[in-house]
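>>> sharing a model that was predicted from the sequence below.
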Amino acid sequence: DTGVSQDPRHKITKRGQNVTFRCDPISEHNRLYWYRQTLGQGPEFLTYFQNEAQLEKSRLLSDRFSAERPKGSFSTLEIQRTEQGDSAMYLCASSSDRGDKNIQYFGAGTRLSVL
Amino acid sequence: QQQVKQSPQSLIVQKGGISIINCAYENTAFDYFPWYQQFPGKGPALLIAIRPDVSEKKEGRFTISFNKSAKQFSLHIMDSQPGDSATYFCAAMPQYSSASKIIFGSGTRLSIRP
């Protein structure tokens, strides 16, 4: 399967702990996105990378959140000092700037539960 | 502030019937309107998309109708099948963002009764 993969699929943590998620995009895609989806809602944009550069961040991305894409391939999303309100599905998507850049391919997500 | 409003929240349709989901937007800077389908435990997948310069796009049993003056668009699923049971999201993408970020509606949970 050469789609977008995310790890772990599920994460349960206690409030105040730090968590890190990983996303591996489709190999030839240079654009990578993070979204957050809460129960019963549509995904909300968090941040965007073009290669290794983080070019846009949503106001939703508080200073407890940090995302990296060090070599322009995989990306990590870290949440420090987790809060119960951080419980959500974190989705990663990738796309190419060649062809139809509007088409984003999503991974299955990482479901975070903060107790 | 919800930039893309979607209704209904849930929908039950008999097999073979027509499923209709409606969306509305305010921002005229949106220039691409995709629909995504999401099954439980999966990420959203692009189903069909339209640009505002056309009023209708059809792909198989799925049709988008677009009304630019009313700033509304809808998804019609003809001959609905149990396998169509999923959550559907309308979305919009702004031309002013180089990120091509997707702005999603709140979703419609569609159930097709056999």
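Received, thanks. Just so you know, these numbers come straight off a predicted model, no measurement behind them. Numbering: from 1, shown residues only, chains lettered A, B, ... in the order given.
>>> does the lowest-mean-pLDDT helix or strand in chain A come close to chain B?
Every helix and strand of chain A was ranked by mean pLDDT, DSSP states H and E. The lowest is strand A:53-57, at a mean of 91. Yes: interface with chain B: strand A:53-57 contributes A:55-56 (CB under 8 Å from any CB of the partner chain). Any C-beta I mention is one placed from the backbone N, CA and C, and that applies to glycine too.
>>> excluding sequence neighbours, find me the nearest residue to the most centrally placed residue in chain A.
Compute the mean C-alpha point of chain A, and by CA atoms, centre = their mean the closest residue is A:Trp34, 3.3 Å away. Closest residue in space to A:Trp34, ignoring its immediate chain neighbours: A:Leu46 at 4.3 Å, by CB to CB, 6 or more residues apart in numbering or on different chains.
>>> which elements pack onto the stretch of helix or strand the one you found belongs to?
Secondary structure from DSSP states H and E places A:Leu46 in strand A:44-50. Secondary-structure packing of strand A:44-50 (3 or more CB pairs under 8 Å, 6 or more residues apart in numbering or on different chains; DSSP states H and E): strand A:31-37, strand A:53-57, strand A:65-68.
>>> chain center to the first one, what's the gap?
Offset of strand A:31-37 from its chain centre (CA atoms, centre = their mean, to the nearest Å): 4 Å.
>>> picking that back up, which ones are touching the residue nearest to the centre of chain A?
Taking CB atoms under 8 Å, 6 or more residues apart in numbering or on different chains, we find A:Trp34 in contact with A:23, A:45-48, A:67, A:75, A:77, A:90-93.
>>> again, only this time at 7 Å
A:Trp34 makes contact with A:46-47, A:67, A:77, A:90, A:92, according to CB atoms under 7 Å, 6 or more residues apart in numbering or on different chains.
>>> and it, how far from B:Ser74?
Taking CB to CB, to the nearest Å as the measure, A:Trp34 falls 29 Å from B:Ser74.
>>> A:Arg69 too?
37 Å.
>>> so between the two, which is more surrounded?
A:Arg69 (22 against 18; other CB atoms under 10 Å in any protein chain shown).
>>> just to check, that one is in contact with A:Phe49?
Yes: using CB atoms under 7 Å, A:Arg69 is in contact with A:Phe49, at 4.4 Å.
>>> now do the shared contacts for those two.
Going by CB under 7 Å, 6+ apart, residues that sit against A:Arg69 and also against A:Phe49 are A:32, A:75.
>>> now the strands for chain A?
Read by DSSP state E, chain A holds these strands, from start to end of the chain: A:5-7, A:10-13, A:19-24, A:31-37, A:44-50, A:53-57, A:65-68, A:75-79, A:88-95, A:105-106, A:110-114.
>>> could you pull out the buried residues of the second one?
When you say that, I think you mean strand A:10-13. A:11, A:13 (16 or more other CB atoms under 10 Å in any protein chain shown).
>>> what about it, near chain B?
No: using CB under 7 Å from any CB of the partner chain, strand A:10-13 stays clear of chain B, with a minimum separation of 10.3 Å.
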